Structure formats: structure tokens, C-alpha cells
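[1] model this:
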Amino acid sequence: MALPGYLAINNVKGATARQQPAGVDISVCEVYKIKTQGFMGVENRELPDVERLEDKEGLWVLSSGVYKVRYCEVVEVPLDTVALCFPRSSLLRMGVDLRCTVWDPGYKGRGEGLLIVHNPYGVRLEKMAGVAQLVFIKLLGEPGQGYSGVYQGEGLTEG
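    Alright, predicted model coming up:
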């Protein structure tokens, strides 16, 4: 069962979160250019180095390519719920995709996504613009434990 927006918004903290009929819009606060190669192994991973792109008067002008984005809002997924993240349809209509993952029960943080600008002319992206919609789905029961992986609490402190 998906939570309607008026209930789902209780799991998202931030002034820019906007309720939708079937979820909550979340916005972009930071954009990063990927600078090096990453590694995904069976037992470990190495994330690539990134460079934070400064906005110019609240706007990023992005050329065709791949970027990492950090969302503005703090998301807290209840233990009996999972959240799925989808790109806003307006992005897709501009030739821009946003890739997201499953937000596990118990996750708390300011998540990240992968912004892919396919449009050969690029895109202008305003800081705090809604780029994704989170849909919260109730599980049939609580899992044995909540999320405790390396991304727990991400984006909550600088450094």
C-alpha cells in the first residue's frame, strides 16, 4: 500500500519538500562532477572522487554528461516502509534522467542520485528545484532490522 502524500510528507524534513497525491517531491541542493573511476567488487567498493559544482546565483548550467546530486531534504524511512524514488516527469521531457535506488526501512539521511543529462544542449537547473518524487510503500511486516549500511546518516554533517 502506497502512502498518500499527506502522510508521506511526515517522513521528509525540509522546507522544500512538496506533497504530491502519491508521494513527496524532493529537491537538489548540491551537484557534483565525477572525476575518477570507481570500483564495485564482491566484498568492497571504492567511490570515485567528485568535485562540487558551485551554483551561480542559484543556478547550475549543466552540459550533456553524468552528475551526482545531493537532495536538500532529510528522509527518514520508517521500519515498516520502503521508499522508491522516481525522476520528475518534467526532467524526462527535457532529456534529463535521474537514477535512484531503493531507500530501505530505517534509512535516515540526505540521499543522492545520479543525474544524466542526455540533452545535447544541456539543461539549466535551479537550486532547490524538485527533481525527484519519493513514494513510500508499507511493507507487510517489519524486517528483522533496519538499514545499517555505510550510507546511513549521509549528508547530515559536512565533511
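[2] right, and residue 9 touches residue 20 too?
    No. Contact between residue 9 and residue 20 fails when scored by C-beta atoms under 8 Å: they sit 9.0 Å apart. Backbone N, C-alpha and C define where each C-beta goes, glycine included.
[3] which of the two has more residues huddled nearby?
    residue 9 (21 against 17; other C-beta atoms under 10 Å).
[4] list the contacts for that one?
    Applying C-beta atoms under 8 Å, 6 or more residues apart in numbering, one finds that residue 9 lies in contact with 17, 19, 24.
[5] helix, strand, or coil at it?
    helix (DSSP: H, G, I helix; E, B strand; the rest coil).
[6] any idea how far it is from residue 104?
    20 Å (C-beta to C-beta, to the nearest Å).
[7] can you check residue 45 too?
    From residue 45 to residue 104 the distance is 17 Å (C-beta to C-beta).
[8] neighbour count for those two, which is higher?
    residue 104 (18 against 10).
[9] host element of the closest residue to the more buried one other than its chain neighbours?
    Excluding its sequence neighbours, the residue lying closest to residue 104 (C-beta to C-beta, 6 or more residues apart in numbering) is residue 147, at 3.9 Å. Counting by DSSP states H and E, no helix or strand carries residue 147.
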